[in-house]
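Asker: Requesting a structural model of the entry that follows:
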Amino acid sequence: MSPASFDLPFIEALLASYERALSAPLVPAGLAAAEAAAWLYAEADFALLAHDAADDPCFVYANRQAQRCFELSWQELIGMPSRLSAEAPNRAERAAMLAGVARDGFIRDYRGIRIAKSGRRFWIERGIVWNVYAQSGERWGQAACFRDTTPVG
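Answerer: Reported below is the predicted structural model:
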């Protein structure tokens with residue numbers, strides 16, 4: 001998947017999983033899958049990231065807002081182990097949160113410290129994290145979205 005040719009089954013699964021978990025749509029009503037994918041990537045006013053279901057999950061999606069937050073390009077983010085988005089001392093808290101999401105399906109109001117490429121540390125505020133499932137019911141990974149960040153320190 002690349003920003004120019006989105007994996008539409010993945011985007012559809014991400015959107016359907018969000019709506020099932022939170023009883024609300026992630027994108028404006030009436031958008032076809034390709035339009036929703038383009039809107040999420042380029043126009044959404046929130047950061048959106050997703051990682052796969054591997055033992056050491058790697059990012060498989062990051063919209064432009066997320067790329068800006070982390071100061072990383074699509075090429076730098078996609079395939080990167082998602083644990084690297086947090087500094088080592090904060091990884092245990094992040095792992096515990098993700099285990100809770102795997103168990104419970106989603107979490108609202110997540111708050112955690114992340115680090116950008118430049119070393120700038122920031123709080124993710126009021127984040128939502130949810131499991132992404134294929135139509136078959138197989139868990140493809142997890143996704144997170146957030147609008148608000150606050151500098152650390």
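Asker: use CA for all of it now, contacts and neighbours both
Answerer: Fine.
Asker: Go through stretch 67-80 and flag the buried ones.
Answerer: Residues of stretch 67-80 classed as buried under the neighbour-count rule (16 or more other Cα atoms under 10 Å) are 67, 69-72, 74, 77-78, 80.
Asker: can you check stretch 102-113 too?
Answerer: Going by neighbour count (16+ other Cα under 10 Å), the buried part of stretch 102-113 is 102, 105-107, 110-113.
Asker: Need the max-distance pair from these.
Answerer: 105 and 113 (21.6 Å; Cα to Cα).
Asker: Redo the buried residues of stretch 67-80 as CSV? Include secondary structure and distance to residue 18.
Answerer: Shown next, in CSV, are those (DSSP: H, G, I helix; E, B strand; the rest coil; distance: Cα to Cα, whole Å):
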residue, secondary structure, distance to residue 18
67, helix, 21
69, helix, 22
70, helix, 23
71, coil, 26
72, coil, 25
74, helix, 22
77, helix, 22
78, coil, 21
80, coil, 23
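Asker: Skip ahead from the worst-scoring helix or strand of the chain on mean pLDDT and say which helix or strand is next.
Answerer: Counting by mean pLDDT, DSSP states H and E, the weakest-scoring helix or strand in the chain turns out to be helix 91-104, with a mean of 88. Sequence order places strand 106-115 as the next helix or strand after helix 91-104, per DSSP states H and E.
Asker: in what helix or strand does residue 68 lie?
Answerer: helix 64-70.
Asker: Just the C-alphas of that helix, formatted as PDB.
Answerer: Extracted C-alpha coordinates of helix 64-70, given in PDB (Å, rounded to 0.1, in the frame of the first residue of the first chain):
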ATOM      1  CA  ARG A  64      -0.500  13.100   6.500                       C
ATOM      2  CA  GLN A  65      -1.500  14.500   9.900                       C
ATOM      3  CA  ALA A  66       0.300  11.500  11.600                       C
ATOM      4  CA  GLN A  67       3.300  12.100   9.400                       C
ATOM      5  CA  ARG A  68       3.400  15.700  10.500                       C
ATOM      6  CA  CYS A  69       3.200  14.800  14.200                       C
ATOM      7  CA  PHE A  70       6.000  12.300  14.000                       C
END
